[in-house]
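J.: fold the following.
(2 chains)
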Amino acid sequence: MFENWVNILTYLSQGAWTTISIFLVAALFSFIMAFIAGLSRLSTNLLLRGFTAFYVEIFRGTSLIVQLFWLYYAVPMLFNIDLGSNWWVGVIAIGLNYGAYMSEVVRSSILSINKGQTEASIALNLSRFQRMRQVILPQALRLMLPEFGNYSIQILKGTALVSLIGLSDILYYGDIYRSSNLSEGPIAYFMVLIMYFIIALPLIWLSKKGEKIARKGVAS
Amino acid sequence: MEPIVKYDDVHKSFGDTHVLKGINLDIYPSEKIAIIGPSGSGKTTIIRLLMTLEEPTDGDIIVAGENLWKMEVGGKKKRANEKHLRSVRKDIGMVFQHFNLFPHKTILDNCVMPLVKVKKYKKKEAEEEARRMLDRVGLGDKYDAYPANLSGGQKQRVAMARALVMKPKIMLFDEVTSALDPELVGEVLEVIRDLAEHDEMAMVLVTHEMDFALEIADRVLFLDDGVIAESGTAEEVINQSENPRLQDFLKRFRNSSS
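T.: This next block holds a predicted model:
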């Protein structure tokens, strides 16, 4: 039996790189989106703020799988835009979706930094950018770490949806395996779970560490 | 002598609350001014306007000949932008009630960062200057400590060193001993006394330490209900004024502190 498990794992691992590569790039993309959108929502520019709020609410308020289908099926037809491969469609959809969620983490962490920090920076005549870069962000980042850890685990799990737009990730190979070995369905899916969990382990470790850093934090 | 700061009929409202109702005040170079008055009279607001932490509702504040909150663009007066504010407030420094040290930086870095980023000092020169100033406030042995590991009095002295390295021409003190345990007040006042005696910069203190204010101030302002009700030397304001509100304030103060 044990041999069978290893066989299944080996089979599934053909999809591991797709899952991991989509996860890594989508996570990076969502971090970037989170900072762009999070900072934009704090901007004094009304238009920028409104536009960003629109983006965040749309992507938070609709389902990721529908967004994925939209980007994959609808957008190329409607606007004649080619997003490249379905790998890119997956990365972009996941990145935009989680970027919207995480922008709220960025925004609220920045807002939670004591107003006195901004006032002291103004009194020292730091520019707006320097205030953010030298004083607010270094403190806010610590607060963001645990939430970013959580979201990165969610992003990893979210990548399983790309099997629905024809990408051969772990879940895709799990489906294939099951359909040719029907009696082994339960064990195949169990192995899929194991596989995701193994990939998530370092992320779990990282977010624990992030939590510790945040808790140590910075007492004034 | 020309005043370095001039308040011209300055008003400030927060929502429906009219806090400052026409402040006229000249501050001269190296003058030491204490602002006293009941809580809620707008003492802190006066200096927060000068530090550009609040914007006046009406009136002008002139700093070294420049209008702080308004700038001229093509002959028209416009609301000051960030660049204008930065160029005018470079001569103003402030120490806060709650210190507002940067908790993620060592106390040396608290002083070095603004020198490097704002005054464009080289790192080495900035460190020398920061050390000199920390020595002066008696924290020469704490360069590498983080603010969290200091007592309130030490934090406030770091905050003063940090403001001082920027060499302001006007230094504002916003109730700097109010958040301190009573036994730590003395060490902070000692530093301020030293500055008042030996430094050329103008100082404006908003304080509840009445005796101390009267001792070091060249001029005492009594703020009441949003206007400067009395102004003069400590002697004039305390002993000669017949303003009943001031007498009442002083009496209540004496009673509560004895």
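
J.: got the CA positions of stretch B:142-149 in CSV?
T.: Output of stretch B:142-149 as CSV, limited to C-alpha atoms (Å, rounded to 0.1, in the frame of the first residue of the first chain):
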residue,chain,number,x,y,z
LYS,B,142,22.5,55.1,25.8
TYR,B,143,23.2,55.6,22.1
ASP,B,144,22.2,52.1,21.1
ALA,B,145,19.2,51.7,23.4
TYR,B,146,15.7,51.6,21.9
PRO,B,147,13.1,54.0,23.2
ALA,B,148,11.1,51.2,24.8
ASN,B,149,14.0,50.6,27.2
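
J.: in it, which residues are buried?
T.: B:142-143, B:146-147 (16 or more other Cβ atoms under 10 Å in any protein chain shown). C-beta: built from backbone N, CA, C; applies to glycine.

J.: pull the most distant pair out of those.
T.: When those are compared pair by pair using Cβ to Cβ, the two farthest from each other are B:143 and B:147, 12.5 Å apart.

J.: find residues that contact each of those two.
T.: Shared contacts of residue B:143 and residue B:147, defined by Cβ atoms under 8 Å, 6 or more residues apart in numbering or on different chains, comprise residue B:107.

J.: paired strands for the helix or strand where residue B:222 lies, with orientation please.
T.: Residue B:222 belongs to strand B:219-224 when elements are defined using DSSP states H and E. Strands adjacent to strand B:219-224 in the sheet, as given by DSSP bridges, are strand B:32-36 (parallel), strand B:227-232 (antiparallel).

J.: distance of residue B:18 from residue B:67?
T.: Using Cβ to Cβ, to the nearest Å, one obtains 23 Å as the distance from residue B:18 to residue B:67.

J.: equivalent analysis for residue A:122, please.
T.: 18 Å.

J.: just give the nearest non-adjacent residue to residue A:98, would you?
T.: With Cβ to Cβ, 6 or more residues apart in numbering or on different chains as the measure, residue A:30 is the residue that lies nearest to residue A:98, at 3.9 Å, once sequence neighbours are left out.

J.: surely that neighbour and residue A:102 touch.
T.: Yes: under the contact definition of Cβ atoms under 8 Å, residue A:30 touches residue A:102, with a separation of 5.7 Å.

J.: what do the two both touch?
T.: Any residue near both residue A:30 and residue A:102 by Cβ under 8 Å, 6+ apart counts here, and that gives residue A:151.

J.: residue A:120: what's it in contact with?
T.: Neighbouring residues of residue A:120 by Cβ under 8 Å, 6+ apart: A:135, B:96, B:100-102, B:159.

J.: stretch B:79-93: end-to-end distance?
T.: Between the start and the finish of stretch B:79-93 there is a gap of 22 Å, counting by Cα to Cα, to the nearest Å.

J.: picking up where we left off before, so which of the contacts of residue A:120 sit within helices?
T.: The members of the contacts of residue A:120 that map onto helices under DSSP state H are residue B:159.

J.: including pLDDT, could the contacts of residue A:120 go into a markdown table?
T.: Rendered in a markdown table, the data for the contacts of residue A:120 read as follows (pLDDT from 0 to 100):
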| residue | pLDDT |
| --- | --- |
| A:135 | 95 |
| B:96 | 95 |
| B:100 | 95 |
| B:101 | 96 |
| B:102 | 95 |
| B:159 | 96 |
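
J.: ok, back up a step: what helix or strand is the residue nearest to residue A:98 located in?
T.: helix A:16-40.

J.: next: residue A:109.
T.: Assigned by DSSP H and E, residue A:109 falls within helix A:86-111.

J.: report all helices and strands that that helix contacts.
T.: With contacts defined as 3 or more Cβ pairs under 8 Å, 6 or more residues apart in numbering or on different chains; DSSP states H and E, the secondary structure elements packing on helix A:86-111 are helix A:16-40, helix A:46-61, helix A:64-69, helix A:137-158.

J.: can the last one be found next to chain B?
T.: This means helix A:137-158. Yes: under the criterion of Cβ under 8 Å from any Cβ of the partner chain, helix A:137-158 makes contact with chain B via A:138-139, A:142.

J.: what's near enough to touch residue B:23?
T.: When contacts are counted by Cβ under 8 Å, 6+ apart, residue B:23 is found next to B:7, B:9-11, B:46, B:59, B:226-228.

J.: whichever of those residues end up buried, select them in ChimeraX.
T.: Restricted to the buried members of the contacts of residue B:23, where burial is judged by 16+ other Cβ under 10 Å, the ChimeraX selection command reads as follows:
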select /B:7,10,11,46,59,226,228
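
J.: mind putting the contacts of residue B:23 in CSV, secondary structure, distance to residue B:177 and pLDDT included?
T.: Output for the contacts of residue B:23, formatted as CSV (DSSP: H, G, I helix; E, B strand; the rest coil; distance: Cβ to Cβ, whole Å; pLDDT from 0 to 100):
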residue, secondary structure, distance to residue B:177, pLDDT
B:7, strand, 25, 95
B:9, strand, 31, 94
B:10, strand, 26, 95
B:11, strand, 29, 95
B:46, helix, 18, 95
B:59, strand, 30, 93
B:226, coil, 24, 91
B:227, strand, 26, 92
B:228, strand, 23, 93
